[in-house]
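*Asks:* Here is my input, please return the structure:
(chains A, B, C, D, E and F)
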There are 6 protein chains.
Amino acid sequence: MASAKKNTRKAKPKTKANSVFALRLPDQRRLDPAIKAVFAKCMEKLGFVPNVFRTYTLRPAKFEYFRKYNAELMLGESGLSKLEREMIAVVVSSVNHCHYCLIAHGAAVRVLSGNAELGDRLATNYRTAELSPRQRAMLDFTWKLSETPAATVEEDRAALRCAGFSDEDIFDIAEVAGFYAASNRLASAIGAEPNPEYYKMGRPS
Amino acid sequence: MASAKKNTRKAKPKTKANSVFALRLPDQRRLDPAIKAVFAKCMEKLGFVPNVFRTYTLRPAKFEYFRKYNAELMLGESGLSKLEREMIAVVVSSVNHCHYCLIAHGAAVRVLSGNAELGDRLATNYRTAELSPRQRAMLDFTWKLSETPAATVEEDRAALRCAGFSDEDIFDIAEVAGFYAASNRLASAIGAEPNPEYYKMGRPS
Amino acid sequence: MASAKKNTRKAKPKTKANSVFALRLPDQRRLDPAIKAVFAKCMEKLGFVPNVFRTYTLRPAKFEYFRKYNAELMLGESGLSKLEREMIAVVVSSVNHCHYCLIAHGAAVRVLSGNAELGDRLATNYRTAELSPRQRAMLDFTWKLSETPAATVEEDRAALRCAGFSDEDIFDIAEVAGFYAASNRLASAIGAEPNPEYYKMGRPS
Amino acid sequence: MASAKKNTRKAKPKTKANSVFALRLPDQRRLDPAIKAVFAKCMEKLGFVPNVFRTYTLRPAKFEYFRKYNAELMLGESGLSKLEREMIAVVVSSVNHCHYCLIAHGAAVRVLSGNAELGDRLATNYRTAELSPRQRAMLDFTWKLSETPAATVEEDRAALRCAGFSDEDIFDIAEVAGFYAASNRLASAIGAEPNPEYYKMGRPS
Amino acid sequence: MASAKKNTRKAKPKTKANSVFALRLPDQRRLDPAIKAVFAKCMEKLGFVPNVFRTYTLRPAKFEYFRKYNAELMLGESGLSKLEREMIAVVVSSVNHCHYCLIAHGAAVRVLSGNAELGDRLATNYRTAELSPRQRAMLDFTWKLSETPAATVEEDRAALRCAGFSDEDIFDIAEVAGFYAASNRLASAIGAEPNPEYYKMGRPS
Amino acid sequence: MASAKKNTRKAKPKTKANSVFALRLPDQRRLDPAIKAVFAKCMEKLGFVPNVFRTYTLRPAKFEYFRKYNAELMLGESGLSKLEREMIAVVVSSVNHCHYCLIAHGAAVRVLSGNAELGDRLATNYRTAELSPRQRAMLDFTWKLSETPAATVEEDRAALRCAGFSDEDIFDIAEVAGFYAASNRLASAIGAEPNPEYYKMGRPS
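*Replies:* Model (predicted):
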C-alpha cells in the first residue's frame, strides 16, 4: 500500500544526497568498456565504485587521465608514506570544508593508520593531533599552502628541510596538497556525494 | 678563464630568479629519453621548454601523468573554448597571486584572444573586462570557487545553466578551476619561475 | 623487559591527547562533594564524565553556573528541538574547527537524529545536508552569525521569521550559537580533549 | 490630542534604536516576581536596568542561569582583576564590532580604571594602549582566540605562563573571552541596544 | 635637581602614548614659519594643534600639500554635507580599527550632528545606527569599498544612484573613503596619537 | 550621416572599457583653462593625458590639490628613490587587485627600473622578486600595512630601522602606501580605465 501511495505522489526533485552528484548522471548501463572494467575492479577490491569515478562518466574522455595521475600521486613511489599523503588530503579538505574529501580520505587515514581518532582530528583541527615533528612540519606547510599559497617563502621550505624532507619530498607534499585543493573544488562545484560506505570504514565496531 | 674566476669567488646562494625553481634541479643532460623527447618537441614548437616541465625532472615518474592530464584538460574536446579555459586559469591565479601561472597563462590569453589587454585585466581584476554574460558568469563562478569552495550552492550552478552552460560544461569549468588551484599551490610551494619568453608573448611590439 | 625499559626512560612531557586538557588537572580524588555527585550521575547515565566537566575541576566555583546555564540552553523548554540545538552547536564548531565540540556534539546529532551521516555533514559542510527550509534558514543564520556577527541586519531576522521562527526562537538560535562560539574558544584555549567514547557514539556498528 | 494623532497615523515599524532590541518586548508590567526583584535592585544600584537583562524577559526561564553565570565570571574570585576581565570583554567586542558590548563594557573599563582613554583604546585598537607586559600578553591571546580559535597552540599558552599567569588564570581568560564571543553574537543577532546611560559613564565631565 | 636626576637614570624608551607619534618629533621650537602660522591658527580656533599636523613637522615639505588636499575634501563644496563626509571617515576607520581617526573623526561626527551616540555607533558598527536610506546606501558602499575595493561592480554604483546620489557625489564618496583608507594606514604605521581633547569633544557633560 | 545613424540606433550602454571611467565625463572641450594647461603639458611630455586626471574633470575644484599632493609624494625629495615609491604603489595595488593602478604604476616600475619583469613580479607577488634586504623590508611592511593596518606594532617599525630606514623614510613609506590604498579605492569605485599606452610602456619590443 505504501509503495502504491509513493508511486502516485507528485515527483519530488531528486535530492542530491540520494545520488552521485548535483549534475545529471549519464546512463550507467551504457558506459565505455574501459570504464566498465575499472568499475568492475573497484567492485572486486572495494565492494563499491567511488562516486568521484562515477562523476567522470559525464566526461569519460578525461577519466583515464584523472585516474592515473591521481593513482600515481597517492600510490606511486615517494618519500612520503601513503598514510602521510592521505593525511595531507584530509588537512587540505579541512581548510576547504569539503564534505566529499573529508569523508573519503578521513576513511583512508583511519584504515591506513589503524587509528580512528587520527582521521577525525585531521578533519576537525590537525593541531590537536599527536604528531611527530616531521608530520607536524608537513601539515603546517600544507595548511599555509592551502590558505595563502602566495605567502610561501624560502623559510617555509627551510622548515621542511629541517624536519628531514628532501627536495623530492617537498615537491610531493606540494603536489598532493595542490591535488586536493583541486579535488575539493571539483567536488564542491559539482556537489559530489561520498559513498555511504566511507562513513564507517576504519571505525572500530 | 671565466670558469676559473667563478670557482674562486665566494659562493653566493643561487637566486631563485636565475633558475627554474627553488629546489635542486637534476642534471639536465641525463634525463629519461621519454622526457628528452617531450622537451625536444617543446623546443621545436615553442622555442623553449616550459619551466613547469623542467621542474618535473625532479620527479620524472610523475611527469607523464601530470602532462597528459593537463593536456586533456586544456586542449581536449570541451564545450569551453581553449581561450575560455585559459581565462579560468588566469582568474584562479589572480585570486592566488601566483606569479608563474599569471605570467604563463596571461601569455596564453593574449595569444589566443589576440587581445593583449584582456590578459592583463584578468590577471589584475576580471571585473574590469568587457565580457559576454556567459564569460562573466563563468568567471564569477571561478572566483567564488577559488576563494570559498564550500560556499558553493545550487544557485551557483543554476547561474551557470542560465548563462547557457551544460552539465558537462559545469564539470569542465570546475575541473579547470580546480587544476589551477593545484598548479598555483605547486608553483608557489616550489618557487617555480616562469620562462622569460612568456612575459612578452602576445604583446604587440 | 620492555616495561622496565619504559620505567627508566626520561620523562616525556605528558601529551595533551592522553589527558583531559592542556592545563594541570587537580587531584580528582579530592573533589568537592557537589562535583563528585554530578560526576557520579554522569557515570550512571553516560558511563563516563564528559571532559569539559573534568576541566572545570580546575575552577570549581564556576562549575555549577556553567553547567546549569548549559543545561537550560540545551535541554530546557524551547521552540527549537534538542536536535536542532545540537545541529547549531555542530555548525558553529565547524566554522571554528573546534575538535572537542565537533566530536562531542557530532555524537549528539547522530544519537538524537538516528542519522549518522547528518552529524558528519554538519561537521564538514552543512550545505551538503538535506535540510528542511526551516533548518536551512536556521543554519544559514548560524553560519553568518558565527563568522561575521556584526554584519547581522534586519533582513537576516526576517529570513528566520519567513521560515516560521518566532521571536523567542530567534533568541534561542542566537543564544545557542553564541554559547558554542564561547565553548569552541574555551575548548581550543585550554586544549580540551573529547572523551574517547564520543567518537563512536551513534555510529551504526 | 497628540495621542489621537498618533493613533491615526500609519503604523511605522518601531525603530530598533528607540527600544531594547529588534525583537518584540513582552509587557514589562507583567514580569515574573523574581525578575522584578532583580530589576528593582538594578534600579537601586545603577539607576537603570541593563537592556541585556530586559531582553531576557522574552525568555524568562533562562534569565537566572545567564545572569548568575555572567556574575560569577565577571565578579567572582579570580586571579584576574575585575578590570582585566572587562578589558577582555572590550577587546573581544572590538574584534566583533559589537555595539552593545563596546558601549556597556567600554563604560565598565572607564569606571573601573578611572582612565577614560583606556576604554576607547581597547574599543578601537588595544595595540595603541600602554599596557603592562602581563596585560599585553592577556589581550594578544584574547585577540587571537577571538579571531582564529582553532589556531591556538601550546606556544600561546606558554606566552601566558611567561607573563605570569597560572593555569587557573589561563582558564579564566579563555572563559571570559569565550563569554563575550557569545554575548557579541547574541547582542548582534537580536539587535540589542545599550542603555543611553552607558555612553557617558566614566567620562570626565 | 629633578633634571639632574633625569639625566642619570637609565634611558627608558619614550612611550608612544605620551607623545605625538612613534617616530622622533623634531624640535617644535624651530619650525618653518609657514607651519608655525598654521599651528597658531589651530590654537586660536581649536585650542590645540591636531597631532596629525604635528607629525608632519617631520616632513615639512609635504605638509601644505597634505593639509590643503585634506581641507578641500572635507570642507570644500560638495553634494555631501560635512557631516556625511565625517561619517564616511568614521566608518572607514571602523573597518581598519584606526585609533587616531576613530577618536578624532568620532569627535567631529558628535560635534557636527549634535548626536553623541551617532559617533559611537559609526565607530563600533554603523549598521546599528538609524540612518536615512541615503546615508545607509552611502555607508554600505563605504564599508564594501574599504574591505574589498576590487569587488566593486556597476550594481554598487547603481545602488548609490538609486539613493539619489549624482556622479559627482559618487566621486566624492569614493575619494573621501579612499582618503581615510590612507589616513588610517599612515596613522597606524607611524603610531599617531590623538590629542586628548578629542575624547570628550561633543559629549554632553 | 554617421551621426544620423547613431541617433536612430538603439542606445547601448556605453561600455566602461571604451571610456575614461564608469561615471559621466563632462564635455572635455569646455574645461577650466588651468586644467587645459596641465593636460597640454601631459600631451607634450607623455603623449597622452593620464585618465586619472581626466576623471578629475568631473570635480575640477579638487584637481589641483590632488595633483600637487600626488606629485609631492611621488616626485618630491625623499630618502626613498622614485623607483622605490613606484614599487610601493604596485605592491599596494596588488593587495587590492586594482586594475588601473597595476597597469599605470607597473609601467612606471618597468620604465624607472629598466627591468620589465620587476613590474610584473610586484604586480603578481612581490615575494618572487629578487630584492635587496632594504627593499624586501619595505615591501613586507607595505603588504602588511595594506592588509591589516591596525596590526602594525613597534616591531614592524623596528624591522624598517634595521633595514636602514630613517624615521623620515618610515613616514614616507607609510604615506605612499596609504596614498595608493586611497587611489586603488577611488579607481575601483569610479571604474577608472588605464590609458592604453600604459600596457606596453617599458616593455622591450
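
*Asks:* make it CA atoms for all contacts and neighbour counts henceforth
*Replies:* Fine.

*Asks:* I'd like to check the angle between whatever helix or strand A:Glu64 lives in and helix B:60-75, please.
*Replies:* Per DSSP states H and E: A:Glu64 is located in helix A:60-75. Angle of helix A:60-75 versus helix B:60-75, following axes from the mean of the first three to the mean of the last three CA atoms, to 10 degrees, is 150 degrees.

*Asks:* and helix A:60-75, is it in reach of chain B?
*Replies:* Yes: Helix A:60-75 is in contact with chain B by CA under 8 Å from any CA of the partner chain, via A:62, A:65-66, A:68-69, A:72-73.

*Asks:* for the helix or strand just after that helix, packing partners?
*Replies:* For helix A:60-75, the following helix or strand on the C-terminal side (DSSP H and E) is helix A:82-95. Under the contact definition 3 or more CA pairs under 8 Å, 6 or more residues apart in numbering or on different chains; DSSP states H and E, helix A:82-95 sits against helix A:60-75, helix A:99-113, helix A:116-124, helix A:133-147, helix A:167-190.

*Asks:* would CSV of the residues of helix A:60-75 next to chain B with neighbour count, pLDDT and distance to chain C be doable?
*Replies:* Formatted as CSV, the residues of helix A:60-75 next to chain B follow (neighbours: other CA atoms under 10 Å in any protein chain shown; pLDDT from 0 to 100; distance: CA to the nearest CA, whole Å):
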residue, neighbour count, pLDDT, distance to chain C
A:Lys62, 18, 97, 26
A:Tyr65, 21, 98, 28
A:Phe66, 19, 98, 24
A:Lys68, 17, 98, 28
A:Tyr69, 22, 98, 26
A:Glu72, 16, 98, 27
A:Leu73, 22, 98, 24
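
*Asks:* Distance to chain D for those residues - can I get that in a markdown table?
*Replies:* Listed next are those as a markdown table, based on distance: CA to the nearest CA, whole Å:
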| residue | distance to chain D |
| --- | --- |
| A:Lys62 | 38 |
| A:Tyr65 | 37 |
| A:Phe66 | 34 |
| A:Lys68 | 36 |
| A:Tyr69 | 33 |
| A:Glu72 | 33 |
| A:Leu73 | 29 |
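
*Asks:* from the residues you listed, which is closest to chain F?
*Replies:* Checking those against chain F by CA to the nearest CA gives A:Leu73 as the nearest, at 26.9 Å.

*Asks:* give the contact list for the spatially most central residue of chain A.
*Replies:* Residue closest to the average C-alpha location in chain A (CA atoms, centre = their mean): A:Cys101, at 3.7 Å. Residues near A:Cys101 by CA atoms under 8 Å, 6 or more residues apart in numbering or on different chains: A:89-90, A:93, A:183-184, A:187, A:194.

*Asks:* repeat that for 7 Å
*Replies:* A:90, A:93, A:184 (CA atoms under 7 Å, 6 or more residues apart in numbering or on different chains).

*Asks:* just these now: which is nearest chain E?
*Replies:* Taking these together and measuring to chain E by CA to the nearest CA, the closest member is A:Asn184, at 24.2 Å.

*Asks:* The closest one - how many residues pack around it?
*Replies:* 29 (other CA atoms under 10 Å in any protein chain shown).

*Asks:* pretty sure it contacts A:Ser94?
*Replies:* No: using CA atoms under 7 Å, A:Asn184 is not in contact with A:Ser94; the gap is 9.6 Å.

*Asks:* which stretches of chain A have low pLDDT?
*Replies:* Residues of chain A that meet the criterion pLDDT under 70 lie in A:1-18.
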